[in-house]
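In: Test case, fold it:
(chains A and B)
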There are 2 protein chains.
Amino acid sequence: MRVLILGGDGFCGWPTALHLSARGCEIGIVDNLSRRDIDAELGVQSLTPIEPLGARIEAWREIGGETIDYFPLTLGRDYDELLALIGEWRPDAVVHFAEQRAAPYSMKSSKHKRYTVRNNVCATHDVLAAIVESERDVHLVHLGTMGVYGYGATAGAIPEGYLKVMIESDGVLVEREILHPVSPGSIYHLTKTQDQLLFQFYAKNDSLRITDLHQGIVWGCQTEETRADPRLVNRFDYDGDYGTVLNRFLIQAAVGHPLTIHGSGGQTRAFINIQDTVRCVALALSRPPQAGERVKILNQMTECWRVRDLGGMVARLTGAAVEFVANPRNEASENELAACNQTLIGLGLEPITLEAGLMTDIVEIARAHADRADLSKIPSAATWNAERAAVLAADSAEERLRAV
Amino acid sequence: MRVLILGGDGFCGWPTALHLSARGCEIGIVDNLSRRDIDAELGVQSLTPIEPLGARIEAWREIGGETIDYFPLTLGRDYDELLALIGEWRPDAVVHFAEQRAAPYSMKSSKHKRYTVRNNVCATHDVLAAIVESERDVHLVHLGTMGVYGYGATAGAIPEGYLKVMIESDGVLVEREILHPVSPGSIYHLTKTQDQLLFQFYAKNDSLRITDLHQGIVWGCQTEETRADPRLVNRFDYDGDYGTVLNRFLIQAAVGHPLTIHGSGGQTRAFINIQDTVRCVALALSRPPQAGERVKILNQMTECWRVRDLGGMVARLTGAAVEFVANPRNEASENELAACNQTLIGLGLEPITLEAGLMTDIVEIARAHADRADLSKIPSAATWNAERAAVLAADSAEERLRAV
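Out: Numbering: from 1, shown residues only, chains lettered A, B, ... in the order given. Below is the predicted model:
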């Protein structure tokens, strides 16, 4: 199978490229290296010392003998080049990771909000339009997020994309299955809800075959393939914008900093290990929808945790202290969450649990590279709205007062 | 009240500017004249001889003594200028018409699809981000469309924005009110569904006050104010891209061409007269939502008609013949439609009905300017997908054969 990986230099894209390459797929990577540019903008770097993309690809060829093609395009802008690439490289599937994927980054300023909307929506739409115009039969697999639903909007466990509802019509209850209602919590999440509408339209109007993977928060760093050589190491983000909650805890524990929990830590979220992410993408590629079928939506997550319980687990494993700080996000302070993931489990996914896998990551990544960490980058600098900004400013003024 | 009208040179924007100006509002128009550029691209012109925007504004000042400010910005691009404008001009309300609004134009090619997505989504998002960044309390009124719902997706009359549903959770039915599910029929309609998600987010996250007017298909051309002087005349589109169904029928009748009905003409659609459009916008401005309130969604339509019945009415009034042609659109050939419009009726709207108002338009516009019509521009050149393109190509080949 020939697979084009959009965003193939990123945190999920790179290990996916290697996982599929190791299993016999021919791989082409499309990436404009924007994630590395954002590192420079924020003045941070991956905790792990990642190689330039060319060196990564060369190392993979040396180790495994497999070549990976690289095409440096900017999606949402270089449409003609994308169309030509689909026509000439002839992918059977396209895996689309090429979006700005940090909620705090998307909320930093108007500039960051605008970049995230334009980049994500136009990238996704260009891919869809190019597949149609190419007249090739391509299966599109997209990385979405469990976060599109908000937390607490509907009742019961979150189903896989579609929700059965009853609607009253002339005194009779009629059953309908609808795209699950959304309530995104950031501009980043919002763009993923806009993507969903694009997919729904192109599946209906042009019979495109599309799978949308609604992923939980990814934790961990390495996979079987990225461990094969130090030059293949995956990126590990711990900063306030790109570091997901668990990876922040791990680096804080490794350097002896208290684990900082936003608000009461009562937020419940869905999680998945990076190794399971790449397995799930492979499973999704092996079971494409048929032409004319509706968008196939899978919940790509393996367990749900409350943030303060996660903090407690990491504290127990490492002896770290826990500190509660003001929440920069506009979100419910406590929520329940359950989600269905029977499709990927049914396809044979055997999840790596946090309790079983966490120590490996602490030792392998956080402790090994702790000397590269810049602790000043851990607090989130983005606030969600004017009210949250005022609360954080008051907190920080009080702290300065206490310090006097 | 100070009102900034985005897209104030367009078919709905211009008469709205005059209607509000005549009622004591101070008006600023933001427009990049893209609609006039598209006329040039398509090689068509308004049936009515519209003046340049500067001459329109000057004529209005001569007639009524009211000035209208004009700011030539491109929304979605000139963000800093928009932000400065909101800060300096200090609008109480912004009325947002600045989107590419023709479904066939949005489906002509990948280029047109991409333009519509980028233009509409980025314009709407820039307006929202700029209002937040300006820290001013601005009521945003947006022109949406009844077409976001598709036709036939849910049960009963379409409510105003929100739908009560019952969801089963642990064997119990729980009631929830959700944003009404969408099923857009073109890229243009799709962008309006993406706008809805933007509004939902900004109302929740930043307490913006937003009214979204889900408008039916607008018919007619002139309003009380545009009739006051020939230099104020509103545009009238009859071409295959921008001419809405009824306006196409009127010009076909005026020049003695058969009324062309797509497919069986069984499509039922919602309609509203342009005079009622401007009244509705004024009513919406008079009843803004409170800060913190959810997005206020109103159905801005006054009657529903089946397309073949409309054709029959115009034929009866004018003696025109009716011709059924292959449908370029990917849509249900027959559908029922009913929609609730109690909010605007409750605020005092007294609708102009098609049966009462149609002859005025036929005489005043279509017959008066029939000599300016280019009949070759009436057929829709855009097809919705590969299958529709094939059907239309076969039809046209058969026609050529018959002509031999």
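In: Going by C-alpha atoms from here, please, whenever you check contacts or count neighbours.
Out: Fine.
In: quick one, phi psi at the closest residue in space to A:L198 that isn't next to it in sequence?
Out: Excluding its sequence neighbours, the residue lying closest to A:L198 (C-alpha to C-alpha, 6 or more residues apart in numbering or on different chains) is A:H125, at 6.9 Å. The phi/psi pair for A:H125 (degrees, to the nearest 10) reads phi -70, psi -40.
In: so A:E293 sits right up against A:A203, yeah?
Out: Yes: with contact taken as C-alpha atoms under 8 Å, A:E293 and A:A203 are classed as touching, separated by 7.3 Å.
In: before we move on, the earlier item: so the residue nearest to A:L198 touches A:Y79, yeah?
Out: No: in terms of C-alpha under 8 Å, A:H125 does not count as a neighbour of A:Y79; the distance is 10.2 Å.
In: And the two? Which one has more around it.
Out: Counting neighbours by other C-alpha atoms under 10 Å in any protein chain shown for A:H125 and for A:Y79 shows that A:H125 has the greater number, 23 against 20.
In: That one: what's it in contact with?
Out: Counting by C-alpha atoms under 8 Å, 6 or more residues apart in numbering or on different chains, A:H125 makes contact with A:G76, A:D195, A:L198, B:R114, B:V117.
In: OK, contacts around the first one?
Out: If I follow you right, that is A:G76. A:R118, A:N119, A:N120, A:V121, A:C122, A:A123, A:T124, A:H125, A:D126.
In: The fourth one touches A:T191, doesn't it?
Out: It refers to A:V121. Yes: with contact defined as C-alpha under 8 Å, A:V121 and A:T191 form a contacting pair (6.3 Å).
In: which residues sit in contact with the closest residue to chain B within the stretch 201-350 of chain A?
Out: Relative to chain B, the nearest point of the stretch 201-350 of chain A is A:D206 (6.0 Å; C-alpha to the nearest C-alpha). Remark: with contacts taken as C-alpha under 8 Å, 6+ apart, A:D206 is in contact with A:V132, B:N385, B:A386.
In: okay but the second one is in contact with B:N327, surely?
Out: If I follow you right, that is B:N385. No: contact between B:N385 and B:N327 fails when scored by C-alpha under 8 Å: they sit 11.5 Å apart.
In: buried stuff in stretch A:359-366?
Out: A:M359, A:D361, A:I362, A:I365, A:A366 (16 or more other C-alpha atoms under 10 Å in any protein chain shown).
In: what bits of chain A have low per-residue confidence?
Out: Counting by pLDDT under 70, chain A contains low-confidence ranges at A:152-154, A:403-404.
In: now the contacts of A:H125 in a markdown table, with distance to B:L375 and secondary structure?
Out: Putting these into a markdown table (distance: C-alpha to C-alpha, whole Å; DSSP: H, G, I helix; E, B strand; the rest coil) gives the following:
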| residue | distance to B:L375 | secondary structure |
| --- | --- | --- |
| A:G76 | 37 | coil |
| A:D195 | 39 | helix |
| A:L198 | 35 | helix |
| B:R114 | 28 | helix |
| B:V117 | 30 | helix |
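In: how deep is the residue in the stretch 251-400 of chain A that chain B sits nearest to tucked in, by neighbour count?
Out: Scanning the stretch 251-400 of chain A for the residue nearest chain B gives A:N385, at 6.0 Å (criterion: C-alpha to the nearest C-alpha). Counted with other C-alpha under 10 Å, the burial measure for A:N385 works out to 20 neighbours.
In: Not counting sequence-adjacent ones, nearest residue to it?
Out: Leaving out its chain neighbours, the residue that sits closest to A:N385 by C-alpha to C-alpha, 6+ apart is B:D206, at 6.0 Å.
In: For that neighbour, what are phi and psi?
Out: The phi/psi pair for B:D206 (degrees, to the nearest 10) is phi -120, psi 10.
In: gap between it and B:V95?
Out: Taking C-alpha to C-alpha, to the nearest Å as the criterion, B:D206 is separated from B:V95 by 19 Å.
In: what's stretch A:260-270 in contact with?
Out: Contacts with stretch A:260-270, where a contact means C-alpha under 8 Å, 6+ apart, come from A:146, A:216-217, A:249, A:301-308, A:311, A:322-328, A:332-337, A:339.
In: One more pass at 6 Å, please.
Out: Residues from elsewhere that reach stretch A:260-270 (C-alpha atoms under 6 Å, 6 or more residues apart in numbering or on different chains): A:216, A:303-308, A:323-327, A:333-337.
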